[in-house]
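Peer 1: Give me the fold of what follows.
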Amino acid sequence: MCSLNYTLPEVATLGRFLEQQRIEPLREDALFQEEMLALPIQTIFFGDSKGTSIDKPLSLPLVGKHLNLECEGKLLRFRITDGQRKNQGYPTELDPGNRADNTQGSFMCPLPMNWEDFRAQVTDWVEREKGRILGACEDFTRHLTELITRGYGLSILTELKKSLGIDLFLLDKHFKVLTWEGGERLPLNPIAFVTPKLSNFKTMDLMPETPLSLGKWNDPQYRDVPLSWYPLAGQQGVLGYIGLGIDYEELNPVGRLYLYKTAVLLYFELAKAQSVEDTERQHYRDFLFDLLYNNFDSLEVVQSRGKLWGMDLTKPHMVIVGEIPGYDPDSADRVAFQELLDTVALILRNQPRTIFLERNDQIVLLYPLEGMIPLSQWEATAKRLLSPLKTLPGSHHEERSMMFGVGNLYDSARYIHRSFQEAKSALELGQLFNLQERVILFQDLGVMRLLMKLEEQELEDFRNEVLGPLLKFDQENNLHLEETLLAYLASDGDLNVAGDRLYLHPNTLRYRLKKVAEVLDRDLGSLENRMNLFIALKIGRLKSLWQE
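Peer 2: Numbering: from 1, shown residues only. This is a model prediction of the structure:
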């Protein structure tokens, strides 16, 4: 294998262009600034003094500025912009109404030869610059490809470090450090960092123009060392990140090109590993679904299969289901939910025995316990196990807090499926009845858990027998008496509390309750009547779950 020159080729800058064309700005041109010489060139446009494009633009494989050359007699006007091409002509900034505000720089030079020869000379220069930069980059890419072919894989990041001369490291999509190349401003071994968020990236497209995202270190000793993130994204989503010990604006255009070429190869390496991981994960998910839906013939089969995945299913497991209330998978919440899942997975790495599964935009957690515990300790145990998840990103906003349902605890893995269904029911009912607790235990649902075991038609018949006249009256008069009665009973008959819930004056509430008693022909002071009415009202709330 041929030796590789790790020196980056020089960037095609405005200064390099002027030097090789042997032209200098007019000294009396006050608009010319020396710092403009360092500006990288991406595209060159030819035009006349009226802003009309003459030839097709010439492009270099760099992220940089647009250089617009206009012939004005024996003078050459330079305009430098950031704009995008428009109809293969001038950037939009060169529209007559926009020149004064959007042109970054403008100066005049003597035209060194006739206009046609000069355009031909510039075209030749662009082709040579393109060959110089792309040739070096292709040699670099070929070198990386040979290393991958020989089995060195992710170690190609070392070669990028040699070329860029900066600290680099590679993460997988779960933020695990795969390769760490320190030694410049960072130590040789990994240090803690704030994990990147998908929402912080302006775009996830893998290309030289992809902007880097600003990062931070957790260790205050390195807070002055810059950190930037470059996402490794493609058809399979985000598979990892490259961390760079450099400010996101400091990487020059050629360095960006080398970074992009390396990132493409790293993405495919991660994709290969992802393919193997996906196959393994699918078998793992299949086993968990069989466990949660009781698709096993015997307890012995459950326990033996669990051993293959490192699970001790001879111990009792506390089953918990969690979700973000009101989460909409078709909105921008998708990114927030994915970030939350990534964070959960990261936290649970410190709890290797915990079983974690994403299912239908919910998370399912199975916590192994050393043995059965008294019923009085279930709530405290569940909250202790979930305590690391209470500091998830966004949890300080109520609408982003997670809510958890907890199933009953059983002494055998044979009943994990039952506990799973109970945890789901606790979560659904907790949201249905607007319970304020973030952790809802199935055992605390009282009569509601009994109602869920009865036939829907039987429950509906009971509701109609008890509340039928009131439901008909509400439908005809739109007085919301059903809602009034539920608030009153849920407030233990306290008119002030119920009035606050309904935003009603106590006198108005008394009138409505009197109307309820008349319509139903029932004494609301009777304990038996209150119990029957409360159960019937709760059944009405359950109907929304039946429809799902």
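Peer 1: shaky segments in the stretch 51-200 of the chain?
Peer 2: By pLDDT under 70, the weakly predicted segments of the stretch 51-200 of the chain are 51-54, 83-103.
Peer 1: what are the ranges of the helices in it?
Peer 2: Shown for the stretch 51-200 of the chain, the helices assigned by DSSP state H, counting those that start in this stretch span residues 99-102, 115-149, 156-164.
Peer 1: Specify the angle between the second one and helix 156-164 in degrees.
Peer 2: Orientation of helix 115-149 against helix 156-164 (axes from the mean of the first three to the mean of the last three Cα atoms, to 10 degrees) gives an angle of 140 degrees.
Peer 1: And helix 115-149, how far out from the chain middle?
Peer 2: Between the mean C-alpha location of helix 115-149 and the chain-wide mean there is a distance of 37 Å, by Cα atoms, centre = their mean, to the nearest Å.
Peer 1: Pull out the buried residues from that helix.
Peer 2: By neighbour count with 16 or more other Cβ atoms under 10 Å, helix 115-149 contains the buried residues 115, 118-119, 122, 125-126, 129-130, 133, 136-137, 140-141, 143-144, 147-148. For the C-beta atoms, the positions are set from N, CA and C on the backbone; glycine is no exception.
Peer 1: Over to the last one?
Peer 2: Judged by neighbour count using 16+ other Cβ under 10 Å, the buried positions of helix 156-164 are I156, L157, E159, L160, K161, S163, L164.
Peer 1: which one of those is nearest E323?
Peer 2: The closest of the buried residues of helix 156-164 to E323 turns out to be L157 (Cβ to Cβ; 37.5 Å).
Peer 1: so the closest one makes contact with A263?
Peer 2: No - applying Cβ atoms under 8 Å as the test, L157 and A263 come out as separate, 9.9 Å apart.
Peer 1: closest to H505 out of the helices of the stretch 51-200 of the chain?
Peer 2: Across the helices of the stretch 51-200 of the chain, closest to H505 is helix 99-102 (Cβ to Cβ), at 60.5 Å.
Peer 1: show me what contacts D55?
Peer 2: Applying Cβ atoms under 8 Å, 6 or more residues apart in numbering, we find D55 in contact with F46, R119.
Peer 1: Now do it against I156, distance only.
Peer 2: 39 Å (Cβ to Cβ, to the nearest Å).
Peer 1: before we move on, the earlier item: between L157 and A263, which contacts overlap?
Peer 2: Between them, L157 and A263 share the neighbouring residues I242, with contact defined by Cβ under 8 Å, 6+ apart.
Peer 1: List the contacts of the nearest residue to G73 once chain neighbours are set aside.
Peer 2: Spatially, and ignoring its direct neighbours in sequence, G73 is nearest to L111 (7.9 Å; Cβ to Cβ, 6 or more residues apart in numbering). L111 makes contact with C71, G73, K74, L75, L76, F118 under the criterion Cβ under 8 Å, 6+ apart.
Peer 1: How many residues are close by the third one?
Peer 2: Right, the one you point to is K74. With neighbours defined by other Cβ atoms under 10 Å, the count for K74 comes to 10.
Peer 1: What distance do you get for it to Q21?
Peer 2: Counting by Cβ to Cβ, the separation of K74 from Q21 is 15 Å.
Peer 1: just to revisit the earlier point, quick check: the farthest pair among the contacts of L111?
Peer 2: Of all pairs drawn from those, the one with the longest distance (Cβ to Cβ) is G73 and F118, at 13.1 Å.
Peer 1: angle of whichever strand or helix holds G255 against helix 156-164?
Peer 2: Here G255 sits within helix 253-292, counting by DSSP states H and E. Relative orientation of helix 253-292 and helix 156-164, computed by the same axes, to 10 degrees: 160 degrees.
Peer 1: Give the buried residues for the helix or strand where N507 lies.
Peer 2: Of the helices and strands defined by DSSP H and E, N507 is found in helix 506-520. Neighbour counts over helix 506-520 (16+ other Cβ under 10 Å) mark L509, R512, L513, K515, V516, V519, L520 as buried.
Peer 1: Let me see the contact set for the first one.
Peer 2: If I follow you right, that is L509. Counting by Cβ under 8 Å, 6+ apart, L509 has contacts T484, Y488, L495, A498, G499, L502.
Peer 1: what's the neighbour count on the second one?
Peer 2: Y488 is surrounded by 25 other residues when neighbours are defined as other Cβ under 10 Å.
Peer 1: Disregarding flanking residues, what is the spatial nearest neighbour of it?
Peer 2: The spatial neighbour of Y488 that comes closest, neighbours along the chain excluded (Cβ to Cβ, 6+ apart), is A498 at 4.5 Å.
Peer 1: Name the SS class of the one you found, please.
Peer 2: The three-state label given to A498 by DSSP: H, G, I helix; E, B strand; the rest coil is helix.
Peer 1: right, and it touches L486 too?
Peer 2: No - counting by Cβ under 8 Å, A498 sits too far from L486 to count as a contact (9.3 Å).
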